[in-house]
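Attaching a predicted model along with its sequence, questions to come.
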Amino acid sequence: MDRRHGEIVEGAGLEESKINTDFVDWLKRWGSPILIGVLVLAVGYRGLTYWRQYQFRQLDSAYLELGAAVQSSNPVALAQVAEDWSGQPAIATQARLTAGDLYLLSYARDLKPGGTVGTPEDLPTPQERERYLQRAEDLYQRVADDTADDPNHVIPHLHALSGLASVHASRGEFDASTEILSRAAALADDAMLPVIAETFRERIETLRSGAEPIVFPKAADLPQPPEPADEGEFTTPEELLEQPGAEIGPPTPPEQTEPDAAPAPGAGDTPAEPSQQSSPPSSEAPDEPDPPSGGG
């Protein structure tokens, strides 16, 4: 019994030793690759996190530049933003559409982009106005080509088509404008945008009826701003306070004057006699009647 027990214990020890030896061999063979793989995964995850944060920072910078260019109403700056951030389709598309709108508005108003009404230096030449219109067409066409057949960018595509139709209508090319608006209306119907489709159809009816399109007034036709007043016409605060009715605070009530009292009668004054006085009774007796005379 003891011998058998010893053999069993000895066999168990050999088995455990073999298992430990196999595990050590496995670690020697695969331990380093596993550690390298874990390290690669950790570094890759950290790199991916950094890349996403970098993209978010870049997107924030792009939107800041876009907002600054929109505030300045400068189509040249907007077009530059679109080129600088061409890797961000949303930023580039919005910048080009806004720049095209500004060029088209400058053509319609006969005013340089960002110019002031009534300033002769801000009035463009006919050649400059034509360049504004051509530049607007190029920007709209670029957006229309970039967003064609893209269901995720239907709204920018319709915006670009609307701008192209306005450009052709400004040149008097009403047939081309009507054709673009018809395509835009059909696309809006397919995208389940009935309000936008109806707006395009109304513009088509306006063009077909021969009605004149809406035109913004030119800067030369607008009334001139009033001339600033001369400095000598201004009144100082002290002079304003000295004017009648310029008192500060609640109005002062007018002083009430008491009526003059009637003078008391003096010693030498005699009171006025009454208008009618009762006559005293007479002290004379009434006449007695004469006695009758006898015949005698």
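Looks like it arrived, so ask away. Numbering: from 1, shown residues only.

name the helices or strands packed onto the helix or strand harbouring Y63?
Using DSSP states H and E, Y63 sits within helix 2-72. Contacts defined by 3 or more CB pairs under 8 Å, 6 or more residues apart in numbering; DSSP states H and E place helix 2-72 against helix 75-84, helix 89-109. Backbone N, C-alpha and C define where each C-beta goes, glycine included.

what sits up against stretch 151-169?
With CB atoms under 8 Å, 6 or more residues apart in numbering as the test, stretch 151-169 has contacts from 89, 93-94, 97, 100-101, 104, 133, 136-137, 139-141, 143-144, 146-148, 150, 174, 176-178, 180-181, 183-184, 187-188, 191, 193, 196, 200, 203, 207, 213.

Where in this protein is the helix or strand with the lowest mean pLDDT?
Counting by mean pLDDT, DSSP states H and E, the weakest-scoring helix or strand in the chain turns out to be helix 237-242, with a mean of 67.

related to what we said a few turns ago, model confidence over the helix holding Y63, on average?
For helix 2-72, mean pLDDT is 74.

Can you classify G172 as helix, strand or coil?
Assigned with DSSP: H, G, I helix; E, B strand; the rest coil, G172 falls in the coil class.

returning to that earlier point: okay, the angle between the helix holding Y63 and helix 89-109?
Calculated by axes from the mean of the first three to the mean of the last three CA atoms, to 10 degrees, helix 2-72 forms an angle of 10 degrees with helix 89-109.

now the angle from helix 2-72 to helix 75-84?
160 degrees.

Residue numbering should commence at 23 henceforth.
Sounds good: first residue 23 from here, last item helix 24-94.

What residue spans form the domains of the chain?
Domain ranges of the chain: 23-94, 97-242, per automatic domain parsing.

Mind putting the ones you listed into CSV with mean neighbour count and distance to E264?
Formatted as CSV, these follow (neighbours: other CB atoms under 10 Å; distance: least, CB to CB, whole Å):
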stretch, mean neighbour count, distance to E264
domain 23-94, 11, 46
domain 97-242, 17, 38
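
W107 against A117, yeah?
Yes. Using CB atoms under 8 Å, W107 is in contact with A117, at 7.5 Å.
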